[in-house]
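Peer 1: predicted model and sequence below, questions to follow.
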Amino acid sequence: MLQYDKEFDPGADAQEAGGVEGPADGAARYAADDEVYVFDDDEVVLAVNVALKTGRPLLLFGPPGSGKSSLAPNVARILGWDYHAHVVTARTEPEDLLWRFDALKRLNDAQAKMLAPSIEHYYTRGPLWRAFAAGDTKRSVVLIDEIDKADPDLPNSLLGPLGSLSFPLPWDEEHAVSIRPERAPLVVITTNDERELPRPFLRRCIVFELGAPSTDHLLRVARSHLGELYEEELAEQVAGHILSVRARLEDSAAGPSTAEFLDALKASQQLGVVPGTPEWETLEAVTLRKRREGLEPAK
């Protein structure tokens, strides 16, 4: 374990703390992604702490399904902070992370002669606004997911609000929404590296890349998510199969992810379809191969 003064310390969550309490009837259940995260990589924990101490966004690289999106809600859970998220799409505008103006509602209200007295009524707060506004009472973790899906203007548009920790009100530029540096949110940004991000934006981020999972990591993830339902022998079988499938690809990062491993394991457990049975080839095709080039079934 790396030894330093941690602001974020996952403690028991660092390994296989799993096992989530079931519902009132006591039935065992699988944990959701925002309920557990296996922090078994000291470097990930250090990257989170560097982001917290510097006040910089944490930019996570890694293939789809590597756990980028589930890190943020679990950091918020462990710290006891609020959590706000925004999934970026090709239609996301820079101001969407701060606010959204409902022009249609205002038009409808105007036509119905029910127009609100203040235009403020037609603005919805975005995740950064909510985090800034609540900072005096409770700090937040903000997830900006898949930023590479957006136009290049969007990353650069974040430099102002995140650098100054303030932005002007959209209806009154003489007044601003702001937060004190010691109360600033932790901003976690993910990218699948499908589009190159602007260099000025990268220079203002703490950058970390999640690596390919090992067998031990996959088993710890399985223990955390399955809890009392975890079966060691079956998990080892499926984990070994996942890694052998990844090894057949020129780019192993394009192979089945940790999330797909969990899908295959849960399906295998619930259906009684295990590697080596006639039904496994179909289960493998729908949960793991998914028409990936180079992962055609053996003849």
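Peer 2: Received it, and whenever you're ready, just let me know what you need.

Peer 1: where along the stretch 51-200 of the chain do the strands fall?
Peer 2: 58-61, 82-87, 99-101, 123-125, 140-145, 166-169, 172-178, 186-191 (DSSP state E, counting those that start in this stretch).

Peer 1: now render those as TSV, adding mean neighbour count and distance to Glu236.
Peer 2: Every C-beta, even on glycine, is put in place using the N, C-alpha and C of the backbone. Below are the strands of the stretch 51-200 of the chain laid out as TSV (neighbours: other C-beta atoms under 10 Å; distance: least, C-beta to C-beta, whole Å):
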stretch	mean neighbour count	distance to Glu236
strand 58-61	23	28
strand 82-87	18	33
strand 99-101	16	48
strand 123-125	15	47
strand 140-145	24	32
strand 166-169	16	51
strand 172-178	12	51
strand 186-191	25	30
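
Peer 1: would you turn the ones you listed into CSV with distance to Gln270?
Peer 2: CSV is the format used below for the strands of the stretch 51-200 of the chain (distance: least, C-beta to C-beta, whole Å):
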stretch, distance to Gln270
strand 58-61, 31
strand 82-87, 29
strand 99-101, 40
strand 123-125, 40
strand 140-145, 29
strand 166-169, 48
strand 172-178, 47
strand 186-191, 30
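
Peer 1: report how many residues lie close to the residue nearest to Phe167 when sequence neighbours are not counted.
Peer 2: Ranked by C-beta to C-beta, 6 or more residues apart in numbering and with sequence neighbours excluded, the top spatial neighbour of Phe167 is Pro161, at 4.5 Å. As a burial measure, Pro161 scores 22 neighbours (other C-beta atoms under 10 Å).

Peer 1: relative to Thr215, which of the strands of the stretch 51-200 of the chain is closest?
Peer 2: Smallest distance to Thr215 across the strands of the stretch 51-200 of the chain (C-beta to C-beta): 22.6 Å, for strand 58-61.

Peer 1: what average pLDDT does the closest one get?
Peer 2: Mean pLDDT, computed over strand 58-61, is 96.

Peer 1: show me how far it is from its chain's centre.
Peer 2: With C-alpha atoms, centre = their mean, to the nearest Å as the basis, strand 58-61 stands 10 Å off its chain's centre.

Peer 1: in its sheet, what does that strand sit against?
Peer 2: strand 186-191 (parallel), strand 206-209 (parallel) (DSSP bridges).

Peer 1: quick one: closest of those strands to Leu262.
Peer 2: When the strands paired with strand 58-61 are compared (using C-beta to C-beta), the closest one is strand 186-191, at 18.5 Å.

Peer 1: tell me the gap between that closest one and the middle of its chain.
Peer 2: So, by C-alpha atoms, centre = their mean, the centroid of strand 186-191 is 8 Å from its chain's centroid.

Peer 1: which residues are contacting it?
Peer 2: 48, 51-52, 57-62, 68-69, 71-72, 75, 81, 128, 139-148, 162, 197, 205 (C-beta atoms under 8 Å, 6 or more residues apart in numbering).

Peer 1: at 7 Å what do you get?
Peer 2: Residues outside strand 186-191 that contact it (C-beta atoms under 7 Å, 6 or more residues apart in numbering): 51-52, 57-61, 68-69, 71-72, 75, 141-148, 162, 197, 205.

Peer 1: wait, Trp280 sits on Val273?
Peer 2: Yes: with contact defined as C-beta atoms under 7 Å, Trp280 counts as touching Val273 (5.7 Å).

Peer 1: so the residue of the chain most remote from its centre versus Lys105, what's the distance?
Peer 2: What lies farthest from the middle of the chain is Lys113; by C-alpha atoms, centre = their mean that is 43.0 Å. Between Lys113 and Lys105 the computed distance is 14 Å (C-beta to C-beta, to the nearest Å).

Peer 1: check Ala285 too.
Peer 2: To Lys105, Ala285 is 46 Å away according to C-beta to C-beta.

Peer 1: do the same with Asp263
Peer 2: On the measure of C-beta to C-beta, Asp263 and Lys105 end up 39 Å apart.
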